[in-house]
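Participant: Below: sequence and its predicted model.
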Amino acid sequence: AQSVTQLGSHVSVSEGALVLLRCNYSSSVPPYLFWYVQYPNQGLQLLLKYTSAATLVKGINGFEAEFKKSETSFHLTKPSAHMSDAAEYFCAVSYFGNEKLTFGTGTRLTIIP
Amino acid sequence: EAEVAQSPRYKITEKSQAVAFWCDPISGHATLYWYRQILGQGPELLVQFQDESVVDDSQLPKDRFSAERLKGVDSTLKIQPAELGDSAMYLCASSPDRRQETQYFGPGTRLLVL
């Protein structure tokens, strides 16, 4: 079985500060890992994905994530937070041959002016 | 840019009533997913279609939920009768085929059962 754990249901950072959202996964096979963003009352938008190529993945809106197998982590970062980054962020896992996504419980990011 | 369409965006109903949600995936996408997202939680898969066939409906409460994709294009998710605990966001997603790892999500239908 596969699962993801997102540490911190709420994260607040000041505008211009580093954004770090944590995700740890559990999978018995090499995983595919994803970060999605959800704005209020909207669907999910893919930020970035890891599918066994480069371990440092760059996504949209200046976000990136690094796959660390030794730590079973896939943390999301952005060097400088912008007010428009305020949203809910979901980490998700699947794997080759079973593309069903298993989501974490989400992290709500608040940006402080 | 092609998008997944869903309607209605919002639905308020009373318990014991029937409700239906519609999804039109991105053109040419063979795989379609319905998810339920309870407030404060991540989405959970209800049903997965490959063309018109159900691939996975293990988490679909079949006593009250049904889903169909008759021509392998658009899809309908129905709840009958609705219960208070069904209040949630219902999300539809599609991908070119089940071997494609990226799913594209629609805007969702927010259901409130009174």
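Facilitator: It's in. Just so you know, these numbers come straight off a predicted model, no measurement behind them.

Participant: The residue nearest the centre of chain B and residue B:103: what is the separation?
Facilitator: Centroid-nearest residue in chain B: residue B:34, 3.1 Å away (criterion: Cα atoms, centre = their mean). To residue B:103, residue B:34 is 12 Å away according to Cβ to Cβ, to the nearest Å. All C-beta atoms are positioned from the backbone trio N, CA, C, and that covers glycine.

Participant: residue of chain A with the smallest distance to chain B?
Facilitator: Closest contact between chain A and chain B, by Cβ to the nearest Cβ, is at residue A:103 (3.1 Å).

Participant: Spatially nearest residue to that residue, not counting backbone neighbours?
Facilitator: residue B:42 (3.1 Å; Cβ to Cβ, 6 or more residues apart in numbering or on different chains).

Participant: Over to the one you found. Which of the three states is it?
Facilitator: coil (DSSP: H, G, I helix; E, B strand; the rest coil).

Participant: Contact partners for it?
Facilitator: Each residue near residue B:42 by Cβ atoms under 8 Å, 6 or more residues apart in numbering or on different chains is listed here: A:90, A:92, A:103, A:104, A:105, A:106.

Participant: returning to that earlier point: surely the residue of chain A closest to chain B is in contact with residue B:44?
Facilitator: Yes. With contact defined as Cβ atoms under 8 Å, residue A:103 reaches residue B:44; the gap is 7.4 Å.

Participant: The two - which one has more neighbours?
Facilitator: Between residue A:103 and residue B:44, counting by other Cβ atoms under 10 Å in any protein chain shown, residue A:103 is the more crowded of the two (22 against 15).

Participant: per-residue pLDDT, the residue most central in space within chain A?
Facilitator: Centrality entry for chain A: nearest residue to the mean C-alpha point is residue A:35, 3.5 Å, by Cα atoms, centre = their mean. We have a pLDDT of 96 for residue A:35.

Participant: try residue B:100
Facilitator: 65.

Participant: hey, where'd the strands end up in the chain?
Facilitator: This is for chain A. A:3-7, A:10-14, A:19-26, A:32-38, A:44-50, A:56-58, A:64-68, A:73-78, A:87-95, A:98-103, A:107-112 (DSSP state E).

Participant: I was after chain B.
Facilitator: Going by DSSP E, chain B shows strands at B:5-7, B:10-13, B:19-24, B:31-37, B:44-50, B:53-56, B:65-68, B:75-79, B:88-95, B:104-105, B:109-113.

Participant: closest one to chain A among these?
Facilitator: Nearest to chain A, of those and by Cβ to the nearest Cβ, is strand B:104-105 at 3.9 Å.

Participant: Please name every helix or strand in contact with that closest one.
Facilitator: Helices and strands touching strand B:104-105, by 3 or more Cβ pairs under 8 Å, 6 or more residues apart in numbering or on different chains; DSSP states H and E, are strand A:44-50, strand B:88-95.

Participant: Return the distance of that strand from the chain's centre.
Facilitator: 11 Å (Cα atoms, centre = their mean, to the nearest Å).

Participant: Around chain B, pick out the residues from chain A.
Facilitator: Within chain A, the positions near chain B by Cβ under 8 Å from any Cβ of the partner chain are A:32, A:34, A:36, A:41-46, A:49, A:51, A:90, A:92, A:94, A:96, A:99-101, A:103-106.
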